[in-house]
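Asker: below is the sequence, then the predicted model.
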Amino acid sequence: MYSYKERISAVNLYNKLGKRLRVTIYQLGYPTKNTLLGWVREYDQSRELRAGYVRLNQKYSDQDKKAAVQHYFDHDRCITSTLRALGYPSRELLRR
């Protein structure tokens, strides 16, 4: 992840260089094209970048989480079975 200072300097350099993606990325050595465009889009909309990264909406609802816990207890506390049945991508995500 990039710090706020790195992201804002990338956006400022992009604007200073006449909105030229390749030149900006070449000079900085980071980020990717799509990442830089995302930062620029965010900056153009609000004239600021968020200080950190925050997921705006949960991937799994509270109801989904309760169903996962219930499935885990109903099926002999087998985490592998719960992962497969409910489609969770990893054990760590299911544990959380």
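Answerer: That came through fine.
Asker: now do the helices in the chain.
Answerer: Applying DSSP state H to the chain gives helices spanning 4-16, 21-28, 33-46, 62-74, 79-86, 91-95.
Asker: dump those into CSV; add mean neighbour count and mean pLDDT as well.
Answerer: Heads up, the C-betas are built off the backbone N, CA and C, glycines and all. Supplementary listing: the helices of the chain in CSV, determined by neighbours: other CB atoms under 10 Å; pLDDT from 0 to 100:
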stretch, mean neighbour count, mean pLDDT
helix 4-16, 15, 91
helix 21-28, 14, 92
helix 33-46, 14, 90
helix 62-74, 13, 82
helix 79-86, 14, 79
helix 91-95, 12, 75
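Asker: domain map for this structure?
Answerer: Split into domains by automatic domain parsing, the chain comes to 4-46, 62-95.
Asker: just checking, Ala68 touches Leu86?
Answerer: Yes. Ala68 lies in contact with Leu86 (CB atoms under 8 Å); the separation is 5.4 Å.
Asker: please report how far the residue of the chain positioned farthest from its centre lies from Thr82.
Answerer: For the chain, the C-alpha lying farthest from the average C-alpha position belongs to Asp76; by CA atoms, centre = their mean, that distance is 33.6 Å. Distance check for Asp76 against Thr82: by CB to CB, to the nearest Å, it reads 10 Å.
Asker: repeat for Tyr2
Answerer: Here the criterion is CB to CB. By it, Tyr2 lies 35 Å from Thr82.
Asker: over to Tyr43?
Answerer: In this structure, Tyr43 lies at 41 Å from Thr82, with CB to CB as the measure.
Asker: good, wrapping up.
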